[in-house]
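> the amino acid sequence is not available; the structure is as follows:
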């Protein structure tokens, strides 16, 4: 068995495993030279990528870019290693577990029967008669996958817009001047 399942077998929760991974990661981050925000941000994303790929089940969501920028500013101001570690741990303390929202779940359940109804209806409309040639075994999963992916993308974009408004980060729309 792998390391993570064996650690879970001895009674460590995913949060405890992630905590140990963060401590190990911080030891490795000292060896890296972090001078820019991009280096700092990529280090944070590497941590989440490693944790999410190693842990089974639900995944962890990375903090928003605004929160990482604020933490980086504090990080650059401090020279004490213990204070830097404290800032890093503070940023990662409010770990949010990723979750499937109800809308995505409903779309995933409702898309297959709806795709069959749409295909049957489309077979009787003259411009869409070619849809008869597409086998059901290909049409239904494709339609379902596209439906779920589109819902997830719309949610991500909407969530990004809301976070942008919360952090008051200027957007391109706000930066343009009218002449």
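Received the coordinates, thanks. If you're wondering where the values come from, they're calculated on a predicted model, not measured in any experiment.
> does residue 108 count as helix, strand or coil?
Secondary structure state of residue 108, per DSSP: H, G, I helix; E, B strand; the rest coil, is helix.
> list the buried ones in the longest helix anywhere in the chain?
Scanning the chain for the helix with the most residues, using DSSP state H, yields helix 136-167. Buried residues in helix 136-167, counted by 16 or more other C-beta atoms under 10 Å: 139, 140, 143, 144, 147, 151. For glycine as for every other residue, the C-beta is placed from the backbone atoms N, C-alpha and C.
> of those residues, closest to residue 61?
Nearest to residue 61 among the buried residues of helix 136-167: residue 151, at 17.2 Å, using C-beta to C-beta.
> so the closest one makes contact with residue 104?
Yes: look at residue 151 against residue 104 with C-beta atoms under 8 Å: they come within range, at 5.2 Å.
> what's the overlap in contacts for these two?
With C-beta atoms under 8 Å, 6 or more residues apart in numbering applied, the contact sets of residue 151 and residue 104 do not overlap.
> coming back round to it: closest one of the buried residues of helix 136-167 to residue 40?
Nearest to residue 40 among those: residue 151, at 32.0 Å, using C-beta to C-beta.
> and that closest one, what's its pLDDT?
Residue 151 is assigned a predicted lDDT (pLDDT) of 89.
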